[in-house]
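Chemist: need coordinates for the following:
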Amino acid sequence: MPDEREFPQCLKCKQGLLLPLSDYGRDGAPITYKAWVCTNPDCGFNIRIDNGEISYGRTIGQSFK
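Modeler: Presented below is the predicted three-dimensional model:
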């Protein structure tokens, strides 16, 4: 069965798509869709949940954890 998911268009740049990212919590529980990021590298829009608070527009970088 082919994967036919559709992702929303980025409303900031209107060129990229918003892709969901998941993570694991402190106790190893999965956190589904913790963040959404734009696929357009020139845009950099992102929205995420940290400790129950929603933040957006933070600089995206590599985690060294």
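Chemist: between its first and last residues, how far does stretch 12-19 reach?
Modeler: Using Cα to Cα, to the nearest Å, one end of stretch 12-19 lies 14 Å from the other.
Chemist: same deal with stretch 28-47?
Modeler: 22 Å.
Chemist: those strands in this protein, which residues are they?
Modeler: In the chain, the segments counted as strands under DSSP state E are 18-24, 30-38, 46-50, 53-56.
Chemist: now do the first one: which elements does it pack against?
Modeler: Other helices and strands packing on strand 18-24, by 3 or more Cβ pairs under 8 Å, 6 or more residues apart in numbering; DSSP states H and E, are strand 30-38. C-beta here means a position set from N, CA and C on the backbone, and glycine is covered the same way.
Chemist: do the same with the third one
Modeler: In this structure, strand 46-50 makes packing contacts with strand 30-38, strand 53-56, judged by 3+ Cβ pairs under 8 Å, 6+ apart.
Chemist: can I get the longest one in PDB, CA atoms only?
Modeler: The one in question is strand 30-38. Taking C-alpha atoms only, strand 30-38 is exported to PDB below (Å, rounded to 0.1, in the frame of the first residue of the first chain):
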ATOM      1  CA  PRO A  30       7.200   8.700  22.600                       C
ATOM      2  CA  ILE A  31       6.200  12.300  21.900                       C
ATOM      3  CA  THR A  32       4.400  12.200  18.500                       C
ATOM      4  CA  TYR A  33       4.700  15.400  16.400                       C
ATOM      5  CA  LYS A  34       6.800  17.300  18.900                       C
ATOM      6  CA  ALA A  35       7.800  19.700  16.200                       C
ATOM      7  CA  TRP A  36       7.000  20.700  12.600                       C
ATOM      8  CA  VAL A  37       9.700  22.100  10.300                       C
ATOM      9  CA  CYS A  38       9.600  23.700   6.900                       C
END
